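K.L.:
I would like to see how this sequence folds:
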Amino acid sequence: MGARLTSPSYRHLLERLDRWMENGRRSHPGVVPCRAGCTACCHGPFDITVADVELIREAVARMPEPERGEVGRRAGELLARLSALAPDWTPPYDIGVLGDDRFDQVADHLVAEPCPLLGDDGRCRIYDDRPMVCRLIGLPMRSRAGRVIENACPIQERFPDYAALAPLPFDLEEFEGVELACLRSAAQRLLGDGSRWAFETTIATAVLLSP
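P.N.:
This is a model prediction of the structure:
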């Protein structure tokens, strides 16, 4: 249960994102409000990749009881609410099968629900192993090709200087090439089919479902 599955290449990608974020914070001292204990982006179901599923399962497997049981209970409660809103959404709970628009509608009904991995102290229980999407929130990004990923922080309007930050450069195209290889290998391990690399699900289902 405690075996490591996540590829070193994927962990290196996550570390690169963390360094990019930290460099951005240092470049704008006192402007970026993201901090431990802020839970603004830790509510409502959201999509995670197949590589993140591996990451989360490893982290949860390392938890001691009863913490692991508590996380499982919370994940089960959230999945039950998801299933009540979309009873035809069945294992392995592929968001692509449900459809992005419908998933967004379901997620909107549960926007205030905390992530199953959010501790009572407002901190992520698996912060060092949190999914990629969690690491992308907090700063806007501009790729070498000129693509822009907007800051998705839901409370940035409270901080005018923060909301006004220009996108920070990042070699996203090269990053995505490495990520694709990681997703293919994760899909092969978890789903037995590397061609299903686009598989996405939620944290609740990642916690509960066996590979």
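
K.L.:
residue ranges of the helices in the protein, please?
P.N.:
With DSSP state H as the criterion, the chain has helices at 8-27, 50-61, 67-85, 95-98, 100-109, 132-136, 160-163, 172-191, 203-208.

K.L.:
for the first one, C-alpha coordinates in PDB please.
P.N.:
Right, the one you point to is helix 8-27. Extracted in PDB, the C-alpha atoms of helix 8-27 (Å, rounded to 0.1, in the frame of the first residue of the first chain):
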ATOM      1  CA  PRO A   8      10.400  11.000 -10.600                       C
ATOM      2  CA  SER A   9       9.800  13.000 -13.800                       C
ATOM      3  CA  TYR A  10       6.400  14.100 -12.700                       C
ATOM      4  CA  ARG A  11       7.700  15.100  -9.200                       C
ATOM      5  CA  HIS A  12      10.400  17.100 -10.900                       C
ATOM      6  CA  LEU A  13       7.700  18.900 -12.900                       C
ATOM      7  CA  LEU A  14       5.800  19.800  -9.700                       C
ATOM      8  CA  GLU A  15       9.100  21.000  -8.200                       C
ATOM      9  CA  ARG A  16       9.600  23.300 -11.200                       C
ATOM     10  CA  LEU A  17       6.200  24.800 -10.700                       C
ATOM     11  CA  ASP A  18       6.900  25.400  -7.000                       C
ATOM     12  CA  ARG A  19      10.200  27.200  -7.900                       C
ATOM     13  CA  TRP A  20       8.400  29.300 -10.400                       C
ATOM     14  CA  MET A  21       5.800  30.300  -7.800                       C
ATOM     15  CA  GLU A  22       8.400  31.000  -5.200                       C
ATOM     16  CA  ASN A  23      10.400  33.200  -7.600                       C
ATOM     17  CA  GLY A  24       7.200  35.100  -8.400                       C
ATOM     18  CA  ARG A  25       6.500  35.700  -4.700                       C
ATOM     19  CA  ARG A  26      10.100  36.900  -4.100                       C
ATOM     20  CA  SER A  27       9.900  39.200  -7.200                       C
END
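
K.L.:
now for that helix, which elements pack on it?
P.N.:
Judged by 3 or more Cβ pairs under 8 Å, 6 or more residues apart in numbering; DSSP states H and E, the packing partners of helix 8-27 are helix 50-61, helix 132-136, strand 168-170, helix 172-191. All C-beta atoms are positioned from the backbone trio N, CA, C, and that covers glycine.

K.L.:
rewinding a little: minimum distance to residue 126: which of the helices of the chain has it?
P.N.:
helix 50-61 (3.8 Å; Cβ to Cβ).

K.L.:
how far off helix 172-191 does that closest one point, in degrees?
P.N.:
Between helix 50-61 and helix 172-191, the angle comes out at 60 degrees (axes from the mean of the first three to the mean of the last three Cα atoms, to 10 degrees).

K.L.:
near residue 95, how many other residues are there?
P.N.:
Close neighbours of residue 95, defined as other Cβ atoms under 10 Å, add up to 23.

K.L.:
all numbers from here: first residue = 842
P.N.:
Got it, first residue is 842 now, which makes that one residue 936.

K.L.:
about what we covered before: for the helices of the chain, which one sits closest to residue 878?
P.N.:
Comparing the helices of the chain by Cβ to Cβ, helix 973-977 comes nearest, at 14.6 Å.

K.L.:
distance from the chain centre to that closest one, please.
P.N.:
Remark: helix 973-977 is offset 5 Å from the chain centroid, using Cα atoms, centre = their mean, to the nearest Å.

K.L.:
no further questions, thank you.
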